[in-house]
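# coordinates only, sequence not included:
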């Protein structure tokens, strides 16, 4: 019984870690996209 509970806790923990990790990655990618877009706009203006 305890083993079952421990494995469930580990599953939930891994799921949470992965979800938070993916959120961080997504927000970092969004931030990078924002910078890249601003950079492209600057390049267009200077042309």
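Okay, I see it. Not measured: the values here are computed from a predicted model.
# what's the separation between the residue nearest the centre of the chain and residue 6?
The chain has residue 25 as the residue nearest its centroid, 2.4 Å off, counting by C-alpha atoms, centre = their mean. Computed as C-beta to C-beta, to the nearest Å, the residue 25 to residue 6 distance reads 28 Å. C-beta here means a position set from N, CA and C on the backbone, and glycine is covered the same way.
# which residues in the protein form helices?
Under the criterion DSSP state H, the chain contains helices at 2-46.
# show the low-confidence segments of it, by residue range.
Filtered on pLDDT under 70, the chain yields no residues whatsoever.
# what's the distance between residue 21 and residue 15?
11 Å.
# let me fix that: residue 27
From residue 27 to residue 15 the distance is 19 Å (C-beta to C-beta).
# residue 35: neighbour count?
Using other C-beta atoms under 10 Å, residue 35 has 10 neighbouring residues.
# cool, and residue 41?
Residues contacting residue 41 under the criterion other C-beta under 10 Å number 10.
# for the one 5 residues further on, same thing?
Residue 46 is flanked by 6 other residues according to other C-beta under 10 Å.
# contacts only, for it.
Neighbouring residues of residue 46 by C-beta atoms under 8 Å, 6 or more residues apart in numbering: there are none.
# before we move on, what about residue 4?
With contact set as C-beta under 8 Å, 6+ apart, residue 4 has no partners.
# heads up, I number from 875, so please use that
I'll keep to 875 as the first residue from here, and by that count the last item is residue 878.
# would you mind measuring from it to residue 892?
Counting by C-beta to C-beta - residue 878 and residue 892 are separated by 21 Å.
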